[in-house]
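Visitor: missing the sequence, but the structure's below:
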């Protein structure tokens, strides 16, 4: 075996092993963080801030939390969006359509259209996932402690429908120092035409 084919074999094997580890860890995370069974879901009222299609803040409003069965979510969402938002999976880095989205607009929840992030708070983090330094309104997302795999992280969820969006870290830019690292398939982008 010559040097080139030996290196190709070694690096190819390492790449395949890495992909297998990522897929296994992702599946374990999805299983450990998955939403509770349908019968355990509780109806509740939540307060969110509504935003118009022009990106303007409209009002704070109390709404019923959106609760659907697993089958209803599966019919509504793509397979990838379902795995991320309802099963807490993570899309592969650089795989999402919104990673390098730079148009002016609003990022809404793919499950319920709740406004989550403004493009003004988006920045290039170099991580391979869409990153924001703050949510569009603090009421529209909430955080939950995630201690899977012995690592303490802060999971970010949609207040209105409990969709898993990603995680928030304390290595972001000013003014907040936060990095909301989101999954593209958990978000819908709506471009603001007259801004």
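Guide: Thanks, I have it. None of these values were measured; they are calculated from a predicted model. Residues are numbered from 1 along each chain as shown.

Visitor: where does this protein have low pLDDT?
Guide: Scanning the chain for pLDDT under 70 picks out 1-42, 194-195.

Visitor: find the centremost residue of it, please.
Guide: residue 165 (2.5 Å; C-alpha atoms, centre = their mean).

Visitor: now it, what's its secondary structure?
Guide: The local conformation at residue 165, judged by DSSP: H, G, I helix; E, B strand; the rest coil, is strand.

Visitor: tally of neighbours for the spatially closest residue to residue 166 that is not a sequence neighbour?
Guide: Nearest residue to residue 166 in three dimensions, chain neighbours excluded: residue 182, at 4.0 Å (C-beta to C-beta, 6 or more residues apart in numbering). Yep, even glycine has a C-beta here, placed from its N, CA and C like the rest. Neighbourhood size, residue 182 [other C-beta atoms under 10 Å]: 29.

Visitor: measure residue 182 to residue 87 for me?
Guide: The gap separating residue 182 from residue 87 is 16 Å, by C-beta to C-beta, to the nearest Å.

Visitor: and residue 80, by the same measure?
Guide: Taking C-beta to C-beta as the measure, residue 80 falls 11 Å from residue 87.

Visitor: again with residue 140
Guide: 22 Å.

Visitor: for these two, indicate the residue with more neighbours.
Guide: Higher neighbour count among residue 140 and residue 87: residue 140, with 22 against 19, using other C-beta under 10 Å.

Visitor: please enumerate the helices of the chain.
Guide: 3-33, 70-76, 79-87 (DSSP state H).
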